[in-house]
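>>> can you look at this prediction? I've put the sequence above it.
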Amino acid sequence: MKILVIGGGGREHALVWKLSHSPRVTKIFCAPGSAGIGELAECVAINPEQIEQLADFAIKENIDLTIVGPELPLTLGIVDLFESRGLRAFGPNKAGAQLEGSKAFTKEILAENGIPTAAFGTFTDAGAARQFLAEQKSPYVIKADGLAAGKGVLICATLAEAEAAIDEILVRKAFGAAGDKVVIEEFLAGEEASFMVLTDGEHILPLASSQDHKRIFDNDQGPNTGGMGAYSPAPVVTPEVHERVLREVLMPLLAGLKRKNIRYRGVIYAGLMITKEGPKVIEFNARFGDPECQPIMMRLKSDLLPLLEACIDGKLDRVSADWHDEMAVCVVLAAQGYPGSYEKGKEISGLGKLANWPQGFVFHAGTAKDGNRWITTGGRVLGVTARGKSVAAAVAEVYRAVGQISWAGMHYRKDIAHRALSADRS
Ligand code: AMP
Ligand code: GLY
């Protein structure tokens, strides 16, 4: 089979890597891919939002299956377009992708189906937003409604900060049109988990649990990022929590989507806060999490391809996923300045030492090749991902590997998986 993967980050590198082990895959294209992905797939210079050109390419190359990595093309309706042109694509249609594209849509579907989440209000008017704020308690959670690459959430300790955040979003348009509406939310206390499932619209196949590390600095300090590291499984997702997430979140969600005549096929990523009262939804994404996808693909024993096909064909009840018992940890190496403006074009050294690394793999998120030299091109540059028999073994191995790599200004968190480490010791 000929496969096209859309996207070019660490998530797509992990998907390409996993699919490259599939016996039925004969050729993988990746648009736009990256220099790292280029070692496993043929990169095509089309961007994810150029959905017409991607469809033309898929027809020209007789692509059997297209897998959409990032959210933007999903919200633009790439799957609807591909289907209208007789092409098979993995991911939700445009209506389904609203689950990620619009926080207001998500809040509505949560409320309609009694799914536990934070209390909230949605505003287009800064005056009304300020009035609502005055009735809330600190800390204040302020969100731009639309897509903001995981950076559209501000958690403010004081009312003055919260009011300034509202002005930034609604008046000064810091997030552009994504900030036409603002959502003000109750603060949820607890431990976060990423709970991803595959669905064909009728059936649900849970993937292994994971936990992301959203803040830029150790001990969850500093601004939110797209994710600085992840590990799987997440001990906070106990068998009891797992059952509750399926029963209280995902099953009612799927039923609610069906009532809106949305046949959702693809990944549903539930970003959860595991509170004292149980799991509550922070957000949904319509795609695999990044970096979570990296440790999850490393732990997936089964072939990924039949699972994705079963989603599209409505036969997810006929397949199952086997997982390696080992745990996996991914540490993101980022450029200096990320998640703000960052420097590019720094030479990366040490990747050669990890070229045949038996306990892991280095997924590329933002690299290019200049002759034989690897250089940085993104904010998140690499996702160094290792397996281990225990959390401690995987953590030791991943940081041993990270120690081999360097460039001017390289930054990473030194506490990835700390919650799993403490859970293991207790
Ligand atoms: P989101 O983009 O909605 O996933 O939010 C990004 C991050 O902000 C989440 O992963 C949480 O760490 C934090 N966050 C968002 N909403 C809340 C909330 N209501 N209470 C506590 N933390 C939150
Ligand atoms: N790592 C969080 C996300 O993919 O949205």
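That came through, no problem. Ligands and ions are numbered 1, 2, ... in the order given.

>>> only C-alpha atoms for contact and neighbour calcs from this point on.
Will do.

>>> got the buried residues for stretch 241-248?
242, 245, 246, 248 (16 or more other CA atoms under 10 Å).

>>> look up how far ligand 2 lies from the third one.
Read it as residue 246. Distance of residue 246 to ligand 2, computed by CA to the nearest ligand atom, to the nearest Å: 20 Å.

>>> same question for the first one.
Between residue 242 and ligand 2 the computed distance is 19 Å (CA to the nearest ligand atom).

>>> ok, now residue 207?
Distance from residue 207 to ligand 2, by CA to the nearest ligand atom: 15 Å.

>>> repeat for residue 224
Counting by CA to the nearest ligand atom, the gap from residue 224 to ligand 2 is 10 Å.

>>> what parts of the stretch 151-300 of the chain come near ligand 2?
212, 226, 227, 289, 290, 291 (CA under 6 Å from any ligand atom).

>>> please identify which pair of the buried residues of stretch 241-248 lies farthest apart.
242 and 248 (10.0 Å; CA to CA).

>>> sec struct for residue 279, please.
strand (DSSP: H, G, I helix; E, B strand; the rest coil).

>>> and it, what pLDDT?
With respect to pLDDT, residue 279 scores 98.

>>> quick revisit: and the buried residues of stretch 241-248, which is closest to ligand 1?
residue 245 (16.7 Å; CA to the nearest ligand atom).

>>> tally up the residues packed near the residue of the chain found nearest ligand 2, please.
In the chain, the residue that lies nearest ligand 2 is residue 289 (3.3 Å; CA to the nearest ligand atom). Neighbour count for residue 289, taken as other CA atoms under 10 Å: 27.

>>> near ligand 1, which residues of the chain?
118, 141, 150, 153, 185, 186, 187, 188, 282, 283.

>>> now the residues you listed: which count as buried?
118, 141, 153, 185, 186, 187, 188, 282, 283.

>>> could you dump those residues to a markdown table with secondary structure and pLDDT?
Listed next are those as a markdown table, based on DSSP: H, G, I helix; E, B strand; the rest coil; pLDDT from 0 to 100:
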| residue | secondary structure | pLDDT |
| --- | --- | --- |
| 118 | coil | 91 |
| 141 | strand | 92 |
| 153 | strand | 81 |
| 185 | strand | 90 |
| 186 | coil | 89 |
| 187 | coil | 93 |
| 188 | coil | 94 |
| 282 | strand | 93 |
| 283 | strand | 91 |
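
>>> dump those residues to JSON lines, plus distance to residue 362.
Compiled in JSON lines, those are given as follows (distance: CA to CA, whole Å):
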{"residue": "118", "distance to residue 362": "37"}
{"residue": "141", "distance to residue 362": "35"}
{"residue": "153", "distance to residue 362": "29"}
{"residue": "185", "distance to residue 362": "37"}
{"residue": "186", "distance to residue 362": "38"}
{"residue": "187", "distance to residue 362": "35"}
{"residue": "188", "distance to residue 362": "34"}
{"residue": "282", "distance to residue 362": "30"}
{"residue": "283", "distance to residue 362": "28"}
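
>>> identify, from those, the entry nearest to residue 105.
Using CA to CA, those come closest to residue 105 at residue 283, 10.9 Å.

>>> which residues touch the residue nearest to the closest one when sequence neighbours are not counted?
Of all residues beyond its chain neighbours, the one nearest residue 283 is residue 271 (5.1 Å), with distances taken as CA to CA, 6 or more residues apart in numbering. Residues near residue 271 by CA atoms under 8 Å, 6 or more residues apart in numbering: 192, 193, 194, 195, 281, 282, 283, 284, 285.

>>> on the three-state scheme, the nearest residue to residue 228 once chain neighbours are set aside is what?
Distances taken as CA to CA, 6+ apart place residue 332 nearest to residue 228, at 5.0 Å, with adjacent residues excluded. Following three-state DSSP, residue 332 is assigned to strand.

>>> isn't residue 332 up against residue 225?
No. In this structure residue 332 lies outside contact range of residue 225 using CA atoms under 8 Å: 10.9 Å.

>>> who has more neighbours, the two?
Neighbour totals were compared for residue 332 and residue 225, and residue 332 leads with 29 against 20 (other CA under 10 Å).

>>> and the more buried one, what are its bridge partners?
Beta-bridge partners recorded for residue 332 (DSSP bridges): residue 383.

>>> for it, report the pLDDT, please.
On the pLDDT scale, residue 332 gets 98.

>>> now do the contacts for it.
Residue 332 neighbours (CA under 8 Å, 6+ apart): 227, 228, 229, 291, 380, 381, 382, 383, 384, 412, 413.

>>> where along the stretch 201-350 of the chain do the helices fall?
Using DSSP state H, counting those that start in this stretch, the helices of the stretch 201-350 of the chain run over 239-244, 251-259, 293-299, 304-313.

>>> count the residues that sit near the closest residue to residue 294 other than its chain neighbours.
Closest residue to residue 294 apart from its sequence neighbours, by CA to CA, 6+ apart: residue 14 at 5.3 Å. Using other CA under 10 Å, the number of residues around residue 14 comes to 28.

>>> tell me how far residue 14 lies from residue 33.
11 Å (CA to CA, to the nearest Å).

>>> and residue 144, by the same measure?
Counting by CA to CA, the gap from residue 144 to residue 33 is 29 Å.

>>> next one: residue 317
Distance from residue 317 to residue 33, by CA to CA: 32 Å.

>>> out of those two, which sits in the more crowded spot?
residue 33 (29 against 14).

>>> so the more buried one touches residue 47, yeah?
No. Counting by CA under 8 Å, residue 33 does not reach residue 47; the two are 9.1 Å apart.

>>> what do the two both touch?
Counting by CA under 8 Å, 6+ apart, the shared contacts of residue 33 and residue 47 are residue 7.

>>> neighbours of the closest residue in space to residue 245 that isn't next to it in sequence, how many?
Taking CA to CA, 6+ apart, and ignoring the residues beside it in sequence, residue 245 has residue 279 as its nearest neighbour in space, at 6.5 Å. Applying other CA under 10 Å, we find 25 residues neighbouring residue 279.
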